[in-house]
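Peer 1: here you go, sequence then predicted model.
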Amino acid sequence: MTLLEARDIEKSFGRTHALHGVSVAIRSGEVVAITGPSGSGKSTLLHCLSGIMRPETGEVHYDGRRIDTLDETARTRLRREAFGIVFQFGRLVPELTVAENVALPLLFNGDGREESARVARGWLEQMDVLAVADARPGELSGGQLQRVAVARALVTGPKVVFADEPTGALDSVAGEKVLGLLLAAARVNGSTVVIVTHDNQVAAHADREIVMRDGAAAGVVA
Ligand SMILES: Nc1ncnc2c1ncn2[C@@H]1O[C@H](COP(=O)(O)OP(=O)(O)OP(=O)(O)O)[C@@H](O)[C@H]1O
């Protein structure tokens, strides 16, 4: 079953046509890698699929519902309830502890403080970073930061996990570890995963690869 779909979407930044006419369909439970050279539109496609950005033309559908026409409030709610997002440099809140960062999405969704803290610690344990639960993000290594970012993205049990170069800032050993943990946890959750990556090693873990070239989906590798 198709869970997430872009139909002929276009997006420009000034005179740069980041996406021109991209159509992709992602099935429930799939792990999809979006690859392609720098500037080919990978991140822009991820942002449009995840409702962070709205394409100028075309449509984005999630779970049978058109989402690109929703207003900012509704798209934010959708992201909180159904999506988890991992960015390249974690983007944790520096003033909060690691455990507080991971509990935050649960608190936003209305869960109680104690329950959120308990669930957050469980995810930190699963990502092998429980030892740094009370540290601030600034005290962590790059690999630890990304594992915390994965815990934060998965803590709500999202239907779709989006990751934009989740291992891009890491050496290959740390990158493999983050990716392995992300994919294992996503499979346990039954989450669909969409990963933007430059890294062939990462793409090799995906069920399918969508190759971008100059703002268009140039091919699909099964
Ligand atoms: N916010 C923005 N403002 C202006 N131009 C942008 C913006 N975001 C992306 N672009 C441009 O749109 C094009 C596609 O960018 P995008 O980041 O989607 O590519 P990418 O394939 O993810 O690249 P990279 O691998 O380098 O991250 C590029 O030419 C980029 O410079």
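Peer 2: Done, it's in. Residues are numbered from 1 along each chain as shown.
Peer 1: drop to CA atoms for contacts and neighbour counts, all remaining ones
Peer 2: OK.
Peer 1: list of residues touching the lengthiest helix in the chain?
Peer 2: Longest among the helix segments of the chain by residue count, using DSSP state H, is helix 172-189. Outside helix 172-189, the residues that touch it by CA atoms under 8 Å, 6 or more residues apart in numbering are 29, 127, 143, 146-147, 150, 154, 157-158, 161, 166-168, 192-193, 202.
Peer 1: got it, and stretch 208-222?
Peer 2: So stretch 208-222 is contacted by 17-24, 30-37, 39-42, 203, 207 (CA under 8 Å, 6+ apart).
Peer 1: and those residues near the ligand, which?
Peer 2: Restricting those to those near the ligand by CA under 6 Å from any ligand atom leaves 18, 37, 39-42.
Peer 1: ok, Ala103 - contacts?
Peer 2: Per CA under 8 Å, 6+ apart, neighbours of Ala103: 116-117, 119-120, 152, 155.
Peer 1: closest one of those residues to the ligand?
Peer 2: Set against the ligand, the nearest of those by CA to the nearest ligand atom is Arg152 (22.1 Å).
Peer 1: residue ranges of the helices in this protein, please?
Peer 2: Counting by DSSP H, the helices of the chain are 42-49, 72-82, 98-108, 113-126, 142-154, 172-189, 200-204.
Peer 1: per-residue confidence averaged over the longest one?
Peer 2: Yep, that's helix 172-189 we're talking about. Helix 172-189 shows a mean pLDDT of 87.
Peer 1: may I see the contacts of Ala103 arranged in a markdown table, with neighbour count and pLDDT as well?
Peer 2: Converted to a markdown table, the contacts of Ala103 look like this (neighbours: other CA atoms under 10 Å; pLDDT from 0 to 100):
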| residue | neighbour count | pLDDT |
| --- | --- | --- |
| Ser116 | 23 | 97 |
| Ala117 | 19 | 97 |
| Val119 | 17 | 97 |
| Ala120 | 29 | 97 |
| Arg152 | 28 | 95 |
| Val155 | 22 | 94 |
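Peer 1: roughly how far does the nearest residue to Gln144 once chain neighbours are set aside sit from the ligand?
Peer 2: Leaving out its chain neighbours, the residue that sits closest to Gln144 by CA to CA, 6 or more residues apart in numbering is Val129, at 6.6 Å. Relative to the ligand, Val129 is positioned 27 Å away (CA to the nearest ligand atom, to the nearest Å).
Peer 1: shouldn't Val129 be in contact with Arg147?
Peer 2: Yes. Taking CA atoms under 8 Å as the definition, Val129 is a contact partner of Arg147 at 7.1 Å.
Peer 1: neighbour count for the two, which is higher?
Peer 2: Neighbours were counted for Val129 and for Arg147 using other CA atoms under 10 Å; Arg147 has more, 29 against 20.
Peer 1: so that one is in contact with Met127, correct?
Peer 2: Yes. Between Arg147 and Met127 there is a contact under CA under 8 Å: 5.8 Å.
Peer 1: what's the pLDDT at the residue nearest to Asp134 when sequence neighbours are not counted?
Peer 2: Leaving aside its sequence neighbours, Asp134 sits nearest to Thr97 (CA to CA, 6+ apart; 5.3 Å). Note for Thr97: predicted pLDDT of 97.
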